[in-house]
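whatever this is, show me its structure:
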Amino acid sequence: MSIREWEGLKVPTAGEFALDKAHTRVGFVVKHMMVSKVRGHFADYEGKIVIAENPLESSVDVVIKAGTIETGAADRDGHLRSDDFLSADKFPEITFRSKRVSNLSGNEFTLVGDLTVRDVTKEVELKVEFNGAANNPWGQEIFGFGAETEIDREEYGLTWNQALETGGVLVGKKVKIEIEGEAVRQA
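Next up, the predicted model:
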């Protein structure tokens, strides 16, 4: 296993890693009817993480297939794929490309990058927790992490909503993005 000590952490040596779909969840949470939360995830995505010699110069590039959104309700999933929301036929990919790593504190840091949804690109800050590196039982080098951020969906053109008789709206503006992941060394 190629692990090194850096800033008090055991981190992988420089190289390229890919998100392991069997151990990664790209999820989100949004308010529903002002009183509860709906959770969902994307079933298909690819992610490349390049660990640099100086880990603060590492990069992340993720492509999510918008049409693979799943919330556990087929009608809602269809609506989310429609032009009212993701417009998955016209904009099949959601992308994130990192720009820099900052605010390192222990095993936590901020990953700043560009998130593109429906051809609208905005800079976001992901709060990331590095969960460690190891070899899995098949001898592959892996590392784990958790990341989250919150976006205003309307800034990306996802403006559909419905007013409620009791006040408020059907779908919240804020979307919390939650990623729990594991990456496997490719090179």
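
list the buried residues of the strand or helix carrying residue 49.
Residue 49 is part of strand 45-51 when elements are defined by DSSP states H and E. Residues of strand 45-51 classed as buried: 45, 47, 49, 50, 51 (neighbour count, 16 or more other Cβ atoms under 10 Å). Placement of C-beta: from N, CA and C, glycine included.

I figured residue 157 was touching residue 121, is that so?
No: in this structure, residue 157 is not within contact of residue 121 by Cβ atoms under 8 Å, at 11.4 Å.

residue contacts, the closest residue to residue 102 other than its chain neighbours?
Computed as Cβ to Cβ, 6 or more residues apart in numbering, the closest residue to residue 102 that is not its neighbour in sequence is residue 110, at 4.9 Å. With Cβ atoms under 8 Å, 6 or more residues apart in numbering as the criterion, the residues that contact residue 110 are 101, 102, 103, 125, 126, 127, 128.

need the max-distance pair from the residues you listed.
Using Cβ to Cβ, the contacts of residue 110 span at most 11.9 Å, a distance reached by 101 and 127.

neighbour count winner among the two?
Per other Cβ atoms under 10 Å, whichever of residue 101 and residue 127 has more neighbours is residue 101, with 20 against 14.

wait, is the more buried one part of a strand?
Yes: assessed with DSSP: H, G, I helix; E, B strand; the rest coil, residue 101 lies in a strand.

tell me the SS of the closest residue to it other than its chain neighbours?
Nearest-residue entry for residue 101: residue 56, 4.8 Å, with adjacent residues in sequence omitted and distances by Cβ to Cβ, 6+ apart. Following three-state DSSP, we place residue 56 in the helix state.

equivalent analysis for residue 94, please.
Secondary structure of residue 94, per three-state DSSP, is strand.

confirm for me that it is in contact with residue 119.
No: contact status for residue 94 versus residue 119: not in contact, 10.4 Å apart, counting by Cβ under 8 Å.

the more surrounded of the two?
In this comparison of residue 94 against residue 119, neighbours counted by other Cβ under 10 Å, the higher total goes to residue 94 at 21 against 11.

contacting residues for the more buried one?
Remark: with contacts taken as Cβ under 8 Å, 6+ apart, residue 94 is in contact with 42, 63, 64, 66, 86, 115, 116, 117.

can I get the residues you listed in CSV with neighbour count, secondary structure and pLDDT?
Compiled in CSV, the contacts of residue 94 are given as follows (neighbours: other Cβ atoms under 10 Å; DSSP: H, G, I helix; E, B strand; the rest coil; pLDDT from 0 to 100):
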residue, neighbour count, secondary structure, pLDDT
42, 18, strand, 98
63, 16, strand, 98
64, 22, strand, 98
66, 21, helix, 98
86, 24, coil, 94
115, 21, strand, 98
116, 17, strand, 98
117, 24, strand, 96
